[in-house]
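# Okay, sequence plus prediction incoming.
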Amino acid sequence: MLKRAIFRNTVIRRSSSEVTAPQTSEDSVEKPSANSSTVYRPPYYRKPHQHHTSKHMLQDEFLNTGDATGAGVRLFDYYKTAEMVNSMPTIKEKVDLVSPYERPWTRAEKTWRRDWHPTLMATRKAWGIPQTPMHFDTLQYYQYLTKTRVEHDSLDDYYQGLLPPYEDFQTSFLNTLKSMEFGDGLNFDEEQTQKLLGSLIDDAMGGIAHNVTRLAENRVAYDVESEAFWIRSGFSFLYDVEEVGTREVVRKLNNYPKYIGDDRRKLGELAFVHRDKLAAQIRSKEALAVLHSLDSENAKLSIFDDNKNDLDEEIYSPKVYNLWPDQEPLWQCPGYHVDSGETHSHGILGVKSLRPLRERIAYWMGYQDGKSYEFEGIPEAKQMFDDAARSQAVVSMFTTLCAQAHAHGFTQYTDVTRPFTSQLILSDGINFFFAVGQLNTLAINVECEGFVNDRTNFIRIEGPFSLFDIYDKDEYQTINIVKSIEGKEENKIGPGLNHKVLERITQMLMKQ
Amino acid sequence: MVFRKYRAVKQWGKMDTRIFKEIYNSRNKRKMPAFQVPEAIEALGVKIFEANDPMIFARQQQRNIIETAANDYNQRIVQNEQQHPLFKSNKAYIFEGEEPMSDGIAQASLLTKSIVRNGLPESIIHSSSKIEIDEETVCDAILHGERYDPTLEKLPKRFDPVLFWVKHIRVHGTPVVKRNNIILDNLLRQVVFAGLRTNTLKTNMQINRDSPLSVHLSGGLYFYDNPLVLRGQPHLTVQSSDSNITSAWAGKSDIDAANQEPLPDIYPISPIIDFNKDNIYNDDLLLTRKTHQSHIHSVLWSREQDQKYAWTKEQNMANAILTTYAAAVAEATRNGQTELEKPLLVRGVQLVDGRLDLVAFQLNTLELTEEENPVKNIVWIEKGIELYKPKPFYEQMEQVEKLNMETFKKFVALMLGHIH
Amino acid sequence: MIGTLACEMSALRLATSCSSKILISTRNFPARGTKPLPRHLWDMKDLEEKSGGEYTHKPLRINKLGGRDPETGRKVNQHIGGGVKFDYFMIDFHRRGPSDGISTYDERVLEVRRDPNRTCHIALVAGIEGKRWILATENMKAGDIISTTSHLSENPVIGVEGNAYPIGSLAAGTLINSIERYPTNDSEIFVQAAGAAATIVRHQGDFTVVKLPHKHEFSLHRNCMATVGRLSHADIDNKIYGSAQMHRRFGYKMSSGLFHKKDGYFGRKIRALPPVRQLDTPPTPPPPTQKFTLSKKELSGLHGHAKVHNLLAHGYSTRDYPQ
């Protein structure tokens, strides 16, 4: 059942002390958990799934918890892989070890296979998350895929103290808009939007370059790929089949094809890949300041408000959300490849174009010409756009941070020991979203009884802000909050662009 | 009984066959004059069919279908071309940077009516000597393009002039033009920031990427009947609202001295042999930010050398001179002016294979010939100075080898230097 | 004199009966089986398509024929096939210049390079009309100025190497190359191989006698253009390929390896030189053969009395032929 909820309210959470979960008897009992030192090697014949149903009591097996659920095997496998990853000398080898990519069979392998040779099993393909969401209501799904907690709130207190000038930026960006014939922005191409966002960063940097010397030390890349792959668990429900005739739902694992993207052992862990194309990316040698530490309470809040454990209504097969399997090789590429020896390995700011999203929403609304479609006036379309933009922010942020963490040697088996932070601007030229995100955990690929990982990733999204309100005869006019003579703040229409947007972009550039 | 009279003499035998075949074959080999349609009938213009053709009607139909299809296709191509919005009936000589100038710098200076000065003026180099940019930064800028860029596109086939028969594996990576463009981007940014910090540049530069530039010239010795169109798509077009950046480097006395010098003579080569003629071009100026209060500071672009037929240093420099000339003419005629009030200067930087071609073009006149107007333009060039030693495109560069900071200093001087 | 000599060598047999000695037969005369086969190396139709019908100095990639006839597809030339795909440079063999005696068409040699498609080196020359490739003569180097003139001067001209003149205006004894067969723009060219040169023997009226490198003499129109000098890359015969594989890379196939018994037709023959052949007009193509289908009466093969109307013999009895 798909939802198209309008005007969703979200609760802003500060700390978990306010949240009181009902104390049940189960909570008082210690949940079984394992770590690399306590896990033991189960016998070789133990499998993740027990298919044998005893026909009579002589066939009954009395297994321990771990072997009954298959968790023992899985956990041992997980920690053993972590050991192997740690033993790899270079980061490239670590990434190649954990990569779920399986190369396609070559023509020779296919021609020379004989009937008595084993069948060439289908290679594992990752689910490709598209550049902008191709389905509506993807926010909760993407949140689950990346285990991210979302806050829709202002970023003012994050940038407290940074009061950059934006006059020069405004003049030069107005000139750029005129030179690219932006107009009201409705008839703008995807390619041109990418160029425009690149020029946006150029103009922003130029506006403050005379004071901020560290801008010259950053690396600025335009039209750069930001790709990452990860494995997300919890998709075992895909093997649930309702038996014909009965109303029973049975998990069919024995003698049943594995789902695309899943591990060979049908563990319900699907591989996902996101091949993002950022219009601009700024990288530096030093990392951004961390929002909250790994041990703090904020890192352990759950991703959905009401602490839902029953996620049946949120999680579906990836096909539902218009994801398609991707056969191409998988990379961890946060704007650079892990074996390139990049010195500026921390991505500070990424700028992503949302223009294809605009065209897609026009297509959903049934309009033929996707480009010159103004849906700011139509609440349904606007809601869809905002929702999709936020989910894109979640996924893009996770992609860069996951790739950066891998580039620093952390994998999903060897979790991050320090948080990674980054900033993101998403825009289609007219609407702007700003996001600040933090990666607290990568270990989202295993879900079984003994595995405990409370940490979640975090993103705070601000927006949408429109660049201008009125476009009339080559003049842009915006309603800005201006301090009047009495000292009050009031809205005032003036020529130029949205000061908040310009200010925020400059603050993001200056943030250390 | 009537047939009895006409009884065959004998049964048809082997010898009869042989004799028959001999006569038949030799008769077939006889060359008789082919039937020629009399001129009178051809003049009538009627359709003449081949009577012996067994498939006469079917073939006619087929031929008609094929002919009409071919005609339609050709007509459609011609129509598409003619319906192009920029189609002009008069062909023009087009320079696009694809064809090298046969006589190199001499041909370029003859076409642009300019006197060539090898090397940037001393005062320019001095004025920018205070600007300090680290060697590390330059190395970093180069390595960004060569090593850290994550693009994975199939690179062109590798051609080895010595072992020409070996089929090498195709490697994937960043294309050479993209690599060089990234390097130019980074170097420009460092220079602009350094300029802003030391107050050499008053306002930030307005940069446009990959914007087309097209300039239409006519008149002169060669371009009366067919005009000349110089066009290109430089990766970086740097403009500024400050009008001082186009201030000329050569004063009145220097210009007079240059006017006395003769232009090179490239007889027997004609300077227009390397342009190709085409109907589709812009007859007005195509320049980004044309209507703004901006002035072109410089154009920066890069070229990939053809593996088999690499251009010489002179040919590369000629290409750079012509492109910078196009930018200079664009700057002069940007608001539709046909007269040049005062001399202006535009810079051009070309990066080819690790070598920079620096051009500073001072436009003193818009005329193309010497006859009415003895005033000449002046161009300062630095031909093929090596910035770094690149590796072949199929190899990965780990460290920048042979980085020449002198070259980079000249580049900074070109971009930020000014006559006081 | 030849007659007596040949008689001594018992090569000739003259008719002794008549007074004038008429040659009736000799050993190795007339020359039989010496007409050279056409060399099918490149697909000329493909060249037309790729170049757009006009001359271009840009290197092209055209299909190779490998010694196969383009129409029938059968192998005509042996030992050609395969090899690395080289770029094809269109060579302009016909050099034309102004025919007033005063001006010449000058060109500057821009570069001289090897051509993988021929033994000779080629030179890129640029003039007022444009750039083109020509066969380079021995001492041609980049920067030289070569000129072309189509003016027939009364006094024989001492040709400068690299320049092109009509053969009628050159002095006897000059070494020339790239000689047009007929004074048209699409005639074939004599002397294209590396290091080759023809000699002008004498001028006879409207024709010039030219001795080609294989010692045969031809009488060509005086207007035919030729370049003065010996062709470049004469030392190609000293160069060795080094291995069978290198031969293959250049497009030469190996010999069959089987033993072929040779008979009297093989081997070099010492022959007298043929007389000077005059090339006046290009040969017209032979008229097409006429195809005939015989009538049923002619096909029946019956003669004389038996040649009756076909219905009489057939259909009135079961046999085609009466007994």
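Received it, and whenever you're ready, just let me know what you need.

# Give me the contact status of the longest helix anywhere in chain B with chain C.
Looking across chain B with DSSP state H, the single longest helix is helix B:56-83. No: figure legend: helix B:56-83 not in contact with chain C (C-beta under 8 Å from any C-beta of the partner chain); closest approach 13.2 Å. In short, each C-beta sits where N, CA and C put it, glycine included.

# for whichever helix or strand comes after that helix, packing partners?
Next helix or strand after helix B:56-83 toward the C-terminus (DSSP states H and E): strand B:87-95. Counting contacts by 3 or more C-beta pairs under 8 Å, 6 or more residues apart in numbering or on different chains; DSSP states H and E, strand B:87-95 is packed against strand B:223-232, strand B:276-280.

# Alpha carbons only: can I get the shortest one in PDB?
In other words, strand B:276-280. The C-alpha trace of strand B:276-280 is given here as PDB (Å, rounded to 0.1, in the frame of the first residue of the first chain):
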ATOM      1  CA  ASN B 276      37.400  24.900 -44.900                       C
ATOM      2  CA  LYS B 277      34.400  26.400 -46.600                       C
ATOM      3  CA  ASP B 278      31.000  25.900 -45.200                       C
ATOM      4  CA  ASN B 279      27.500  27.400 -45.400                       C
ATOM      5  CA  ILE B 280      26.500  27.200 -41.800                       C
END
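
# can you give me the angle that strand makes with helix B:56-83?
Orientation check (axes from the mean of the first three to the mean of the last three C-alpha atoms, to 10 degrees): strand B:276-280 against helix B:56-83 gives 90 degrees.

# downstream neighbour of strand B:276-280 in the secondary structure list?
As assigned by DSSP H and E, the chain's next helix or strand after strand B:276-280 is strand B:295-303.

# That next one pairs with which strands, parallel or anti?
strand B:236-240 (antiparallel), strand B:344-352 (parallel) (DSSP bridges).

# hang on, the earlier thing: just give me how far the longest helix of chain B sits from the chain centre.
Centre-to-centre, helix B:56-83 and its host chain are 34 Å apart (C-alpha atoms, centre = their mean, to the nearest Å).

# next one: stretch C:175-185
That offset, for stretch C:175-185, works out to 12 Å (C-alpha atoms, centre = their mean).

# In the stretch 101-250 of chain A, which residue sits closest to chain B?
Proximity of the stretch 101-250 of chain A to chain B (C-beta to the nearest C-beta) peaks at A:G206, 3.2 Å away.

# Can you pull the residues of the stretch 251-400 of chain B lying near chain C?
Counting by C-beta under 8 Å from any C-beta, the stretch 251-400 of chain B sits next to chain C at B:267-270, B:273-274, B:308-309.

# Can you tell me which of those residues lies closest to C:T148?
Proximity of these to C:T148, judged by C-beta to C-beta, is greatest for B:P268, which lies at 10.8 Å.

# C:A123 versus that closest one, what's the distance?
14 Å (C-beta to C-beta, to the nearest Å).

# Repeat that for A:R149.
75 Å.

# With neighbour numbers in mind, choose between these two.
C:A123 (26 against 22; other C-beta atoms under 10 Å in any protein chain shown).

# name the helices or strands packed onto the strand or helix carrying that one?
For C:A123, the host element (DSSP H and E) is strand C:121-126. The contact analysis (3+ C-beta pairs under 8 Å, 6+ apart) places strand C:121-126 against strand C:105-114, strand C:131-135.

# Helices of the stretch 301-420 of chain B, start to end?
Under the criterion DSSP state H, counting those that start in this stretch, helices of the stretch 301-420 of chain B are mapped to B:313-332, B:405-416.

# Please identify the buried residues of the first one?
This means helix B:313-332. Buried residues in helix B:313-332, defined by neighbour count with 16 or more other C-beta atoms under 10 Å in any protein chain shown: B:314-332.

# check contacts around residue 409.
I went with chain A, as the question did not name one. A:91, A:94 (C-beta atoms under 8 Å, 6 or more residues apart in numbering or on different chains).

# Actually, chain B is the one I wanted.
B:125, B:128-129.

# Secondary structure added to those, as CSV?
What follows is the contacts of B:K409, written out as CSV (DSSP: H, G, I helix; E, B strand; the rest coil):
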residue, secondary structure
B:I125, helix
B:S128, coil
B:S129, coil
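
# Strands along the stretch 51-200 of chain B, start to end?
B:87-95, B:114-118, B:153-154, B:172-173 (DSSP state E, counting those that start in this stretch).

# and the nearest residue to B:Q315 once chain neighbours are set aside, how many neighbours?
Nearest non-adjacent residue to B:Q315, counting by C-beta to C-beta, 6 or more residues apart in numbering or on different chains: B:P100, 3.8 Å away. Neighbour count for B:P100, taken as other C-beta under 10 Å: 19.

# Now do B:P100 against chain A, distance only.
According to C-beta to the nearest C-beta, to the nearest Å, B:P100 stands 30 Å off from chain A.

# what's near enough to touch that residue?
B:274, B:311-312, B:315-316, B:318-319.

# Just put the helices of the stretch 301-420 of chain B in CSV and tack on mean pLDDT.
Shown next, in CSV, are the helices of the stretch 301-420 of chain B (pLDDT from 0 to 100):
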stretch, mean pLDDT
helix B:313-332, 97
helix B:405-416, 95
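
# TSV for the ones you listed, including distance to C:R74?
Shown next, in TSV, are the helices of the stretch 301-420 of chain B (distance: least, C-beta to C-beta, whole Å):
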stretch	distance to C:R74
helix B:313-332	46
helix B:405-416	61
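
# among the ones you listed, which is nearest A:G463?
Of all the helices of the stretch 301-420 of chain B, helix B:405-416 comes closest under C-beta to C-beta, at 38.0 Å.

# Output the closest one in CSV with nothing but the alpha carbons.
What follows is helix B:405-416, C-alpha atoms only, in CSV (Å, rounded to 0.1, in the frame of the first residue of the first chain):
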residue,chain,number,x,y,z
MET,B,405,58.2,26.9,-12.0
GLU,B,406,59.6,29.4,-14.5
THR,B,407,56.8,28.5,-16.9
PHE,B,408,54.3,28.9,-14.1
LYS,B,409,55.8,32.3,-13.3
LYS,B,410,55.4,33.4,-16.9
PHE,B,411,51.8,32.2,-16.7
VAL,B,412,51.1,34.3,-13.6
ALA,B,413,52.8,37.2,-15.2
LEU,B,414,50.6,36.9,-18.3
MET,B,415,47.4,36.7,-16.3
LEU,B,416,48.2,39.2,-13.6
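
# What is the burial count for C:M246?
12.

# SS state for it?
Classified using three-state DSSP, C:M246 is helix.

# That one and A:M57, how far apart?
82 Å.

# could the contacts of B:K409 go into TSV alongside neighbour count?
Shown next, in TSV, are the contacts of B:K409 (neighbours: other C-beta atoms under 10 Å in any protein chain shown):
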residue	neighbour count
B:I125	16
B:S128	23
B:S129	11
